[in-house]
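Chemist: Output the structure for:
(chains A and B, ligands or ions: 2)
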Amino acid sequence: MAKIEVNKEKCKACELCLAACPLGLLRMSREFNSFGDHYCEQPDSSKCTGCTLCAIMCPDMVITVYK
Amino acid sequence: MEKVFGIPEGMNDKKTAFCPGCTHMTAYRLIVECLNELGERDNAILCRPIGCSLNADGSFDIHTIQSMHGRASAVATGVSRMNPTKTVMSYQGDGDAISIGVAETLYAANRGEKMTAIVINNQIYGMTGGQMSPTTLIGQRSTTGVRRADDTGYPLRFAEWLGQLEAPGYVARAALYTPKDIMQAKKFLLKALRCQKELGRYSYIEFLSFCPTNWGVQPKDCLKYCQENVLPVFPVGEFKSCF
Ligand code: SF4
Ligand code: SF4
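Modeler: Ligands and ions are numbered 1, 2, ... in the order given. Presented below is the predicted three-dimensional model:
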């Protein structure tokens, strides 16, 4: 059991985290945050291993990982 | 569920002014995490010049001092000599540390000042507007021209250069390109800071960083760009180690 939490407003839509997840669990949202950016989201947390690689990659510390 | 990764103690939720995909903030996070691990955050002083480094202002809790463009190592020398018990760091970009302030950076290393010089090498000037820097690659475009060896010379491998000097205790280059690189970068930075704290010696660490805006490369394409163009010129590794 693991999941990530994304601080939508802080995300800058660089997409670096998408490539970092070994399981490809992340995608960009269709909606925008108040800065006009798409933000990272994890549509299904059931496969997340809590490896933290996405959070290590995110330069802006948008992602918090729980395990 | 338990939190296994989050914003480290000593950093906050502020959205910084860095461009999307810029890995400067990764370097800041590593600095704060390493200082936390060493119990030195309250005892540390970070000397910064002019440049993108200032975009992080307000997001971290370390004492800082501002210097003239390029002169962070000179200011760090003074701070370190007057405060021998403090952990003193300089934080500069490649244009700042290796061009504008190359004399200050080089001679602080050659004197073996008790400090850690941290240089963000993204092969271009950032905040000042994408001009050519001493580490700009052959054939790379900048706002001041395309680098040609017969005109502006070759990219300067500063870490290799400092690695040959007597005085520095630790000299390394790490990349901030992938999670694995970032974990290795943290190990190197921890060694650099321990070299200063435990042995009182000079250490230098260069972080290869993304600058999508001034390169004109999408952040998601930066990794491939760097593997093809940057890593062959600037290899990652330790060039001198006192451990
Ligand atoms: S914690 Fe690991 S498995 Fe979960 S989304 Fe992040 S990278 Fe993917
Ligand atoms: S979560 Fe971080 S790495 Fe992912 S798109 Fe947003 S800012 Fe970029």
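
Chemist: Would you mind checking which helix or strand in chain B has the lowest mean pLDDT?
Modeler: Least confident helix or strand of chain B, by mean pLDDT, DSSP states H and E, is helix B:149-152 with a mean of 91.

Chemist: Please enumerate the helices of chain B.
Modeler: Per DSSP state H, chain B carries helices over the ranges B:24-38, B:72-82, B:94-95, B:102-111, B:149-152, B:158-163, B:179-199, B:212-215, B:222-225.

Chemist: circling back to that earlier point, distance from the chain centre to the least confident helix or strand of chain B, please.
Modeler: 26 Å (CA atoms, centre = their mean, to the nearest Å).

Chemist: For residue A:4, see how far away the most centrally placed residue in chain A is.
Modeler: Residue closest to the mean C-alpha point of chain A, counted by CA atoms, centre = their mean, is residue A:40 at 4.4 Å. Relative to residue A:4, residue A:40 is positioned 9 Å away (CB to CB, to the nearest Å). From N, CA and C alone the C-beta is placed, and that goes for glycine too.

Chemist: How about the contacts made by the residue nearest to the centre of chain A?
Modeler: A:6, A:11, A:13, A:15, A:17-18, A:26-29, A:54, A:58, A:62-63 (CB atoms under 8 Å, 6 or more residues apart in numbering or on different chains).

Chemist: Identify, from those, the entry nearest to residue B:149.
Modeler: The closest of the contacts of residue A:40 to residue B:149 turns out to be residue A:15 (CB to CB; 34.2 Å).

Chemist: and the gap between the residue nearest to that closest one when sequence neighbours are not counted and ligand 1?
Modeler: Leaving out its chain neighbours, the residue that sits closest to residue A:15 by CB to CB, 6 or more residues apart in numbering or on different chains is residue B:220, at 4.5 Å. Residue B:220 sits 15 Å away from ligand 1, going by CB to the nearest ligand atom, to the nearest Å.

Chemist: Same check on residue B:52?
Modeler: Relative to ligand 1, and taking CB to the nearest ligand atom, residue B:52 is found at 27 Å.

Chemist: That residue: neighbour count?
Modeler: 24 (other CB atoms under 10 Å in any protein chain shown).

Chemist: swap in residue B:243?
Modeler: Residue B:243: 10 neighbours (other CB under 10 Å).

Chemist: Residue B:8 too?
Modeler: Residue B:8 is flanked by 18 other residues according to other CB under 10 Å.

Chemist: And it, what's its pLDDT?
Modeler: pLDDT, residue B:8: 96.

Chemist: where does it fall, phi/psi-wise?
Modeler: Backbone geometry at residue B:8, expressed as degrees, to the nearest 10, gives phi -70, psi 160.

Chemist: Run through the residues that contact it.
Modeler: With CB under 8 Å, 6+ apart, residue B:8 has these contacts: B:29, B:32, B:33, B:36.
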